[in-house]
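*Asks:* show me the folded form of this:
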Amino acid sequence: MAARRFLYVIAAIIFLILAGGIVWTLFPEAVMRWTFVPTISFAAPPDGGPDYRDQSAWLSRPGLPNDPAQWLPDGVKGAAKTKAVVFFVPPTTYLDRGHWNAPIDDKSMNERAKKFVPTQLSAFTNVGRVWAPKYREATVGAFLTTKPDAAKALQLAYGDVSRAFDAFLDQAPPDAPIILAGHSQGSYHLLHLLKDRVAGDKKLRKRILAAYLVGWPVSVTTDLPKLGLPACTAPDEHGCILSWESFAEPADAAQLRTRYDAGVGFTGQPRANTPALCVNPITGTQGGTADANANLGAIKPNETYTKATLTPRLVPARCDPAGLLLIGPPPDGFGVMVLPGNNFHVFDYALFWANVRADAERRLAAFEKHRR
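*Replies:* Got it, this is the predicted structure:
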């Protein structure tokens, strides 16, 4: 819970800065809780959740008009057609304290998703057809409190994701290789999906091409053993997990480590003093170092974050012993969305967009070769 609360403090700060220009140093955690934690008691929304047989329940899926997964930066060719499919769970974009879970048709939430999620989804369109569900996200305030209501909100959101996964499996080709991917809250739900649905299902586990659990800390010793898949240790390995959290240098992750160390992993053991999983998105291997020349292209946004260009060789990447992904000095052009401590959380995909695409291509080729 502690690690979850921290990452959603981060998410809250991102959108708060965008909305009001309030400086982090003037906004202590107590005020964050007062601003974002609902004061009402948890109550399940009356709508029963999205019907994932309906196109309107999906942010992205094959055949959807104006599919955000088809967004591409200038100069990048369209997506290739393959047999693979991608189940992508978006991050939190709901900030309202009026509900513990987002109404599925909340306008502000959906507008934020349309702005930020395409740069993540589109990293996989060269290897497969992308499915990304709308779901009743736990509001950001659920990560700032230990109230039982917060746990109920997270469980409800996970229930939607799990039902969406069922619908995805029903509608996707039955033998298609599967990529699981997400960011932030999305990766949190995918961690639980792996533990609950994939680890004990041998047939389904064999279909998993890779799981990109980006922007969420995964303990190598107390989480990974229960997920059914190993960490990716080679760039052409398939059936494995990738995760990273991006920080420029000098990196200050003291608050992250404090929260992370207070948590308990899926094995039931404390996360304290255990390394987080760091798979370098440039090399595709657990740990390691790559210089900026190996960065095939980062998405660099314009001032309004409405368009972006692909910039090769923008940043290097190296995994430190604690599991942070360090990118060298802060690159120019990312503005107020860089978080305290040189945390580039919101750009975890964007900084390595072209490398993620290449990584998925390699793993798909290895998967198909193994099948043959």
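
*Asks:* model confidence for G75, exactly?
*Replies:* You'll see G75 listed with a pLDDT of 78.

*Asks:* am I right that it is in contact with T311?
*Replies:* No. With contact defined as C-beta atoms under 8 Å, G75 and T311 do not form a contacting pair (10.8 Å). From N, CA and C alone the C-beta is placed, and that goes for glycine too.

*Asks:* between those two, which has more neighbouring residues?
*Replies:* T311 (18 against 8; other C-beta atoms under 10 Å).

*Asks:* on the three-state scheme, the residue nearest to the more buried one when sequence neighbours are not counted is what?
*Replies:* Leaving aside its sequence neighbours, T311 sits nearest to K300 (C-beta to C-beta, 6 or more residues apart in numbering; 4.6 Å). What DSSP: H, G, I helix; E, B strand; the rest coil gives for K300 is strand.

*Asks:* and K300, what is it in contact with?
*Replies:* Residues near K300 by C-beta atoms under 8 Å, 6 or more residues apart in numbering: A308, T309, L310, T311, L314, G333, F334, A350.

*Asks:* swap the cut-off to 6 Å and go again
*Replies:* Residues in contact with K300, defined by C-beta atoms under 6 Å, 6 or more residues apart in numbering, are A308, T309, T311, G333.

*Asks:* and for E137?
*Replies:* By C-beta under 6 Å, 6+ apart, the neighbours of E137 are T92, Y94, A102, A157.

*Asks:* neighbour count, distance to P225 and pLDDT added to those, as CSV?
*Replies:* Below are those laid out as CSV (neighbours: other C-beta atoms under 10 Å; distance: C-beta to C-beta, whole Å; pLDDT from 0 to 100):
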residue, neighbour count, distance to P225, pLDDT
T92, 28, 27, 89
Y94, 25, 32, 85
A102, 26, 33, 89
A157, 27, 25, 96
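
*Asks:* just the closest of the residues you listed to G49, please.
*Replies:* Taking C-beta to C-beta as the measure, G49 lies nearest A157 of these, at 9.9 Å.

*Asks:* hang on, that closest one packs against A138?
*Replies:* Yes. Between A157 and A138 there is a contact at 4.7 Å, judged by C-beta atoms under 6 Å.

*Asks:* tell me how far C319 lies from A138.
*Replies:* Per C-beta to C-beta, to the nearest Å, C319 is found 29 Å from A138.

*Asks:* thank you, goodbye.
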